[in-house]
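> Turn this into a structure:
(chains A, B and C)
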Amino acid sequence: MDSKTRMQRILEVIRDIPRGSVASYGQIAEIAGIPRGARQVGYTLRNLPDGHTVPWYRVVQASGKIAFAPGSRQYAEQQKRLAKEGIAARKGRIDMHKYRWQPDLDELLWKPSASWDEQ
DNA sequence: CTGATGACTATAG
DNA sequence: CCTATAGCCATCA
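Residues are numbered from 1 along each chain as shown, chains lettered A, B, ... in the order given. Modelled structure (predicted):
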């Protein structure tokens, strides 16, 4: 089925978010090849089956805010897990400039043989 | 098929 | 910074 493939691509991307970094729903969707699919990412995470190993807590809103309501159980859980990776959430907000995942840059760092002089 | 939903987002005030 | 609003789009009922 097609919807299943889409969901799997979303989960794959989330699993690729490195420890210590975060990505936005829209960013995940775009990387997964689903432009404007931010809500679908949220939908997918919302229905994660028990026993999953998806780092859902590394996904936040584009603004850097945690998507859960302040005071909720999940809000606290996410903030706690992020803190464990060295990501501080001040008032439920994360410094995206500092922690936003940049897959392209990651690849360049792992493949220094690529053209550097292009800038 | 139709209308409602929502772990979203960009924009305006 | 915050709220309000309008797009968005796969799923659901």
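
> can you list the residues of chain A near DNA strand C?
Within chain A, the positions near DNA strand C by C-beta under 7 Å from any atom of the strand are A:3, A:6-7, A:35-40, A:43, A:47, A:91, A:93. Yep, even glycine has a C-beta here, placed from its N, CA and C like the rest.

> List only buried entries from those residues.
The neighbour-count test (16 or more other C-beta atoms under 10 Å) marks A:6-7, A:37-38, A:40 as buried among the residues of chain A next to DNA strand C.

> Out of the residues you listed, name the ones that lie in helices.
Here DSSP state H is the test, and these give A:6-7, A:38, A:40 as lying in helices.

> follow-up on the earlier one: a markdown table for the residues of chain A next to DNA strand C, including pLDDT?
Converted to a markdown table, the residues of chain A next to DNA strand C look like this (pLDDT from 0 to 100):
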| residue | pLDDT |
| --- | --- |
| A:3 | 48 |
| A:6 | 93 |
| A:7 | 94 |
| A:35 | 95 |
| A:36 | 96 |
| A:37 | 97 |
| A:38 | 98 |
| A:39 | 98 |
| A:40 | 97 |
| A:43 | 97 |
| A:47 | 95 |
| A:91 | 91 |
| A:93 | 96 |
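
> Return the closest of those residues with respect to residue A:25.
For the residues of chain A next to DNA strand C, the residue nearest residue A:25 by C-beta to C-beta is residue A:38; the value is 4.0 Å.
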